[in-house]
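Enquirer: Predicted model and sequence below, questions to follow.
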Amino acid sequence: MNIKNKIVGIIAVVALILSGFAVSAPSTIEKVITGAATGPDMPFQYLRFGLGKGIKTTQFESALTTATTTVCAIQSPAATSTLVRGGILVTTSSTTASTLTIAKSATAFSTTTVLGQGALAANAQGFLAASTTAIVAGGTGSNLNPNFVFGPNQWFVASFTGGTGTFSPVGTCHASFEEYEVY
């Protein structure tokens, strides 16, 4: 066998091996299509915008917990993030008037840094929100509030205080965080 035949043989073997990899490994387009949503509902807990790094938006929602004053506790992402918005919707409250508080905390059972607070009448419905959006008329005002920056794994907490009647609140709470990844 001369050298030309050996080189052609080696090239043929390498081409055969590489063609096996090309057939078995999905292309980038196939990966995107596999992970695509088929309708308007996104079955994912977070979405990331950017090329591998950038803004990662994480959204959480949960039903209210009954028989406790801490009715909602949502842990922030494992990286420093900003609470874009968070809130609690109460469709059934306590049988006596109470105060609803949303806060940031190091644990799931305290309200260390209050982000919002409001009175809720007996058997009333209500919604309490915290947002980094400036709410001053005309689009002016500052939303540079350090209380909305959450350290890794801190908690967004909603709690009731002051109610003494039947305590079985019904509703939901939610929190939306953004993480900014540095390039």
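Expert: On my side now, so go ahead. The model shown is predicted, which means the values in this text are computed figures rather than measured ones. Residues are numbered from 1 along each chain as shown.

Enquirer: Who is residue 158 paired with across the strands?
Expert: For residue 158, the beta-bridge partners under DSSP bridges are residue 72, residue 102.

Enquirer: pretty sure it is touching residue 172, no?
Expert: No. Using CB atoms under 8 Å as the test, residue 158 is too far from residue 172 to be in contact (10.1 Å). Where C-beta positions appear, they are placed from N, C-alpha and C, glycine not excepted.

Enquirer: which residues are in contact with both of these two?
Expert: Taking CB atoms under 8 Å, 6 or more residues apart in numbering as the contact criterion, the residues that touch both residue 158 and residue 172 are 64, 88.

Enquirer: who has more neighbours, those two?
Expert: Just comparing residue 158 and residue 172: by other CB atoms under 10 Å the higher neighbour count belongs to residue 158, 31 against 14.

Enquirer: quick one: contacts for the more buried one?
Expert: Residue 158 sits next to 64, 70-73, 88, 100-103, 128, 173 when contact means CB under 8 Å, 6+ apart.

Enquirer: if you set the cut-off to 7 Å instead, what comes out?
Expert: Shown in contact with residue 158 (CB atoms under 7 Å, 6 or more residues apart in numbering): 71-72, 88, 100, 102, 173.

Enquirer: likewise residue 123?
Expert: By CB under 7 Å, 6+ apart, residue 123 lies in contact with 93, 95.

Enquirer: how close does it sit to residue 172?
Expert: 18 Å (CB to CB, to the nearest Å).

Enquirer: cool, and residue 124?
Expert: 16 Å.

Enquirer: Strand partners (parallel or antiparallel) of the helix or strand encompassing residue 84?
Expert: Take DSSP states H and E as the rule and residue 84 turns out to sit in strand 81-92. Applying DSSP bridges, strand 81-92 is found paired with strand 126-131 (antiparallel), strand 149-150 (antiparallel), strand 170-180 (antiparallel).
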